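Undergrad: Here is a sequence with its predicted model. Questions after.
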Amino acid sequence: MGTMLRLRHNKDLFVLTYGALVAQLCKDYEKDEDVNKYLDKMGYGIGTRLVEDFLARSCVRRCHSYSEITDIIAQVAFKMYLGITPSVTCNNSSRTEFSLILDKNPLVEFVEELPAGRSSLCYCNLLCGIIRGALEMVHLAADVTFLQDRLKGDRVTEIGITFLRKLDEKKYRRKK
């Protein structure tokens with residue numbers, strides 16, 4: 001019980017801190033596109049580092065399809081770090097485009113609406129950067145974007161993942 005209470009407090013602190021960060025970025029940048037880029041870049045940096053922790057703690061096996069990878073992101077990574085499990089849908093016959101549907105988004109737990117005049121703001125764009133950065137570290141290039149957002153009046157929050165190609169492993173190997 002004590003561990004669950006600590007996790008809840010840590011998550012609340014993270015969500016509040018994230019809200020303060022987004023508010024500050026909105027003050028620092030006039031254009032929503034600049035805030036969105038900053039959040040994505042910040043998330044990308046987190047994702048490139050977080051993947052090692054994820055692989056060490058989750059003990060997931062090697063995936064053999066984009067579908068498997070997307071399921072692992074939803075069922076293991078989101079559960080491990082955000083305490084939620086998005087549902088996954090495949091959006092094309094070549095099985096390279098997927099959506100993560102979030103029933104609950106912990107990052108917006110204390111947010112009722114986007115700031116006034118910020119209709120193009122992707123408040124949780126950090127998540128897209130994290131996913132993109134983590135995938136790149138396992139040699140997968142992907143386009144990750146918000147397709148729907150409850151903060152913008154959509155019925156659900158949906159993150160789209162389009163796998164582009166497998167990256168050249170030699171380029172990313174560490175030099176010894």
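TA: Looks like it came in fine.

Undergrad: Could you pull out the helices in the chain for me?
TA: Counting by DSSP state H, one finds helices in the chain at the ranges 2-28, 32-58, 66-72, 78-82, 125-137, 169-172.

Undergrad: closest one to residue 143 among those helices?
TA: When those are compared by C-beta to C-beta, helix 125-137 sits nearest residue 143, at 7.7 Å. In short, each C-beta sits where N, CA and C put it, glycine included.

Undergrad: Let's see that closest one as CSV, backbone CA atoms only.
TA: In CSV, the C-alpha atoms belonging to helix 125-137 read as follows (Å, rounded to 0.1, in the frame of the first residue of the first chain):
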residue,chain,number,x,y,z
ASN,A,125,3.5,16.4,-27.5
LEU,A,126,6.2,15.2,-25.1
LEU,A,127,4.7,11.7,-25.4
CYS,A,128,5.2,11.7,-29.2
GLY,A,129,8.8,12.6,-28.8
ILE,A,130,9.4,9.9,-26.1
ILE,A,131,7.9,7.2,-28.3
ARG,A,132,9.9,8.4,-31.4
GLY,A,133,13.2,8.6,-29.5
ALA,A,134,12.8,5.2,-27.9
LEU,A,135,11.9,3.6,-31.3
GLU,A,136,14.9,5.2,-32.9
MET,A,137,17.2,3.7,-30.2
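
Undergrad: Now do that helix: which elements does it pack against?
TA: helix 32-58, strand 140-148, strand 157-166 (3 or more C-beta pairs under 8 Å, 6 or more residues apart in numbering; DSSP states H and E).

Undergrad: neighbouring strands for the shortest one, and are they parallel or not?
TA: For strand 140-148, the paired strands and their directions (DSSP bridges) are strand 157-166 (antiparallel).

Undergrad: center of the chain - which residue?
TA: The chain has residue 127 as the residue nearest its centroid, 2.3 Å off, counting by C-alpha atoms, centre = their mean.

Undergrad: how about that residue, what does it touch?
TA: 43, 107, 159 (C-beta atoms under 8 Å, 6 or more residues apart in numbering).

Undergrad: thought the first one was touching residue 129?
TA: To tie it back to what came earlier, the one meant is residue 43. Yes - between residue 43 and residue 129 there is a contact under C-beta atoms under 8 Å: 2.4 Å.
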